[in-house]
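In: requesting a structural model of the entry that follows:
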Amino acid sequence: MKKILMTTILLLSASGYASQINVQALEACSLVENDLKRLMCYDKVIAGKKISQSVTKTEKNKPAKAPKVAEKPQNKANEFGLEKSKQAAAKKLDEIRSTVVKITKNPRGQRTFTLSNDQIWKQKGSDRFTAKEGDEVIIIRGVFDSFRMKKASTNRLIQVKRIQ
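Out: The predicted structure is shown next:
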């Protein structure tokens, strides 16, 4: 009998706590677009604190962003490999093609490739790669902001990093 009474009291106190959560405040938090601000809003509601009206109002009344004008393809190629944010990289090209103008090699066996589009790419690691001046290369965007280079006529890939 004592066990049933304890369980009933526990359930009643849990349901009492659940009713204290402000459902309207939770709905207001769901309208916040910024992930961090939305999480902070939920934390405040769960902790029983009042949420600031300015956060929910500014997010609700935020004007719609104007659509961006498409960039010229040449600008995208010039910025390939130099994007600062992942969002910017997601909107960019997945690969570029160019011709090797100059190849230099450092003492560790890593090559630096100067391309005809004035980009300079450095080999990461010392894998064997048989490109020479005048060869067409393809640089492919990989995962986690990595880039791979291959000769147009082969499937052999090396990791590269753009330095200029």
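In: for my notes, confirm Arg38 occurs in a helix.
Out: Yes: according to DSSP: H, G, I helix; E, B strand; the rest coil, the state of Arg38 is that of a helix.
In: isn't it right up against Ser30?
Out: Yes: here Arg38 reaches Ser30: they are 7.4 Å apart, a contact under CB atoms under 8 Å. No exception for glycine: its C-beta is placed from N, CA and C like everyone else's.
In: more neighbours: the two, which one.
Out: Taking neighbours as other CB atoms under 10 Å, Arg38 and Ser30 compare with Arg38 leading, 16 against 11.
In: and the gap between the more buried one and Ile46?
Out: As for Arg38, its distance to Ile46 is 13 Å (criterion: CB to CB, to the nearest Å).
In: now do Glu133
Out: Glu133 is 63 Å from Ile46, by CB to CB.
In: with Met149 instead?
Out: Applying CB to CB to Met149 and Ile46 gives a distance of 50 Å.
In: which residues sit against the longest strand along the chain?
Out: Longest strand in the chain by number of residues (criterion: DSSP state E): strand 95-105. For strand 95-105, contacts defined as CB atoms under 8 Å, 6 or more residues apart in numbering pick out 77, 80, 111-117, 119, 131-141, 152.
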